[in-house]
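Undergrad: could you work out the structure for the sequence below:
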Amino acid sequence: MERIFVWGLNFKTAPIEYRERLACNKDESAYLLRVLKTTTGVKEIMLLSTCNRVELYTVAEHYDAVNELVDNLTEIKGVNPDVKRYSFLLKGKEALSHIFRVASSLDSMVIGETQITSQFKEAFRIAKETGTTGKIINRLYEKALRTAKRVRTETGISKNAVSVSYVAVELARKIFGDLKKAKVLLVGAGEMGELCARYLKKLQASLFITNRTYEKAVELAQELEGHALRFESLEDYLHEFEIVILSTSSKEPILKKETVKKAIKLRNYKPMFIIDISVPRNADPSINNLDEVFLYNIDDLKSVADKNLSERLKEKEKGEIIVWDEVEKFVKWLELLKVENYIIKIKETWSDVELREPKVRKLIHSAIEEIRKQPSLAERLFKIFVQEVDNGDTLRRLSYVHNRADGTRI
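TA: Sure, this is the predicted structure:
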């Protein structure tokens, strides 16, 4: 029967240089889901790709299907299979627990952040529209959101909730001090970029926004009393800024070493701080080798995120109890689903003529009721039935299954 598996890389298991190789945007996620579903033995699949994780949630009968899935994924992405050294694989209750913890932000770098829930919803939407979810993942999604809501309302984990964007701005403040004196360039006006902009506005930084779609930069800049700049002219004005925050979905680096080298020279070698929260990274890592340039990526945010962690950990413990409560409920539902599947198979064993016999119907009903009372034995009972199904007449094999289900011969 089908089992739930989780395979992936996240900020706990893999550094960013490995995570970014498997990172996907929305269009790529849909394409990958379609290909992986049709070329592997998995029954259902959902892909969650964020700045801190790339994870596959799958329903499959065997490990072999999951291994095939991972091999195909790395091949399609053109990634060295060595990346699997930094991955993890979970099944059953551990897989369920992980999914519920992710949706509830208990597994986030910034515990209690709210962005992961919307990212989880978007990942499911893409999978469902692509046609790679089914009864189990659809139900799993509903229960994951229920768990997230319970964690949010029954614990204090969301009080003063922060996000990766907040932590990036906090790092800038920590480095530079009073941001009122800072001229900050934000590259990217997407969801994370917008959050950064709003935090910077609160700290009264001199805010400049650039985006590939200029109109989007203008719209956000006007709302926050900032300034919009043309993206294609980035090299011309980069040197004017003490702090640069990068948050785009570009698959290639936006800031090259030579570009920054030129900018720092125009700044007369005054320090420049670059905070890159994009995955894949938007700043060439070799920039860090330049004098007076200080480059930080998303993995460098962890030390800032861990501030006041002890207080959040108390609330996290309460959240873990909720997660396991929901896991147990889901496991019971899975057991009942298995029972119903076995019952369907048992009914399919008899012909329409046989099912019209009152004695047959009565015994089938009796056997099914007994199996429903003992869902944990359903698989064993079905295997016994399959072994005996070709022996003897209809009533005798029904009586046999009934006796086994009744526990008299087990």
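Undergrad: show me how far stretch 4-13 is from its chain's centre.
TA: Centre-to-centre, stretch 4-13 and its host chain are 9 Å apart (C-alpha atoms, centre = their mean, to the nearest Å).
Undergrad: ignore what I typed, I meant stretch 211-219.
TA: The answer for stretch 211-219 is 28 Å, by C-alpha atoms, centre = their mean.
Undergrad: which residues are in contact with that stretch?
TA: By C-beta atoms under 8 Å, 6 or more residues apart in numbering, the residues outside stretch 211-219 that reach it are V187, G188, A189, G193, I209, T210, L220, A228, L229, R230, F231, T248. Placement of C-beta: from N, CA and C, glycine included.
Undergrad: next one: stretch 322-333
TA: 93, 96-97, 100-101, 104, 106, 139-140, 143, 146-147, 150-151, 154-155, 375.
Undergrad: and the closest residue to E240 other than its chain neighbours, bridged to which residues?
TA: Take E240 and drop its neighbours on the chain: the residue closest to it by C-beta to C-beta, 6 or more residues apart in numbering is K183, 6.4 Å away. Per DSSP bridges, the residues bridged to K183 are S206.
Undergrad: in CSV: the contacts of stretch 211-219, plus secondary structure.
TA: Output for these, formatted as CSV (DSSP: H, G, I helix; E, B strand; the rest coil):
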residue, secondary structure
V187, strand
G188, coil
A189, coil
G193, helix
I209, strand
T210, strand
L220, helix
A228, strand
L229, strand
R230, strand
F231, helix
T248, coil
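Undergrad: low-confidence ranges, the stretch 51-200 of the chain, go.
TA: Within the stretch 51-200 of the chain, the segments meeting pLDDT under 70 span 160-161.
Undergrad: do that again at 80, thanks
TA: Applying pLDDT under 80 to the stretch 51-200 of the chain flags residues 158-162.
Undergrad: the stretch 251-400 of the chain now?
TA: For the stretch 251-400 of the chain, applying pLDDT under 80 flags the ranges 303-313, 336, 338-400.
Undergrad: tell me which stretches of it form strands.
TA: Using DSSP state E, counting those that start in this stretch, the strands assigned to the stretch 251-400 of the chain run over residues 272-276, 293-297.
Undergrad: buried deepest among those strands, which one?
TA: Among these, ranked by average contacts under mean count of other C-beta atoms under 10 Å, first place goes to strand 272-276 (a mean of 24).
Undergrad: closest one to G177 among the strands of the stretch 251-400 of the chain?
TA: Closest approach to G177 among these is made by strand 272-276 (11.4 Å; C-beta to C-beta).
Undergrad: might one say that K37 is in contact with T132?
TA: Yes. Between K37 and T132 there is a contact at 4.6 Å, judged by C-beta atoms under 8 Å.
Undergrad: those two: who's more crowded?
TA: The neighbour comparison of K37 against T132 (other C-beta atoms under 10 Å) goes to T132, with 24 against 19.
Undergrad: and that one, how far from K265?
TA: T132 sits 51 Å away from K265 when distances are taken as C-beta to C-beta, to the nearest Å.
Undergrad: same deal with L224?
TA: For L224, the distance to K265 - C-beta to C-beta - is 31 Å.
Undergrad: ok, the two, which is more surrounded?
TA: Comparing L224 with K265 by other C-beta under 10 Å, the one with more neighbours is L224, at 17 against 12.
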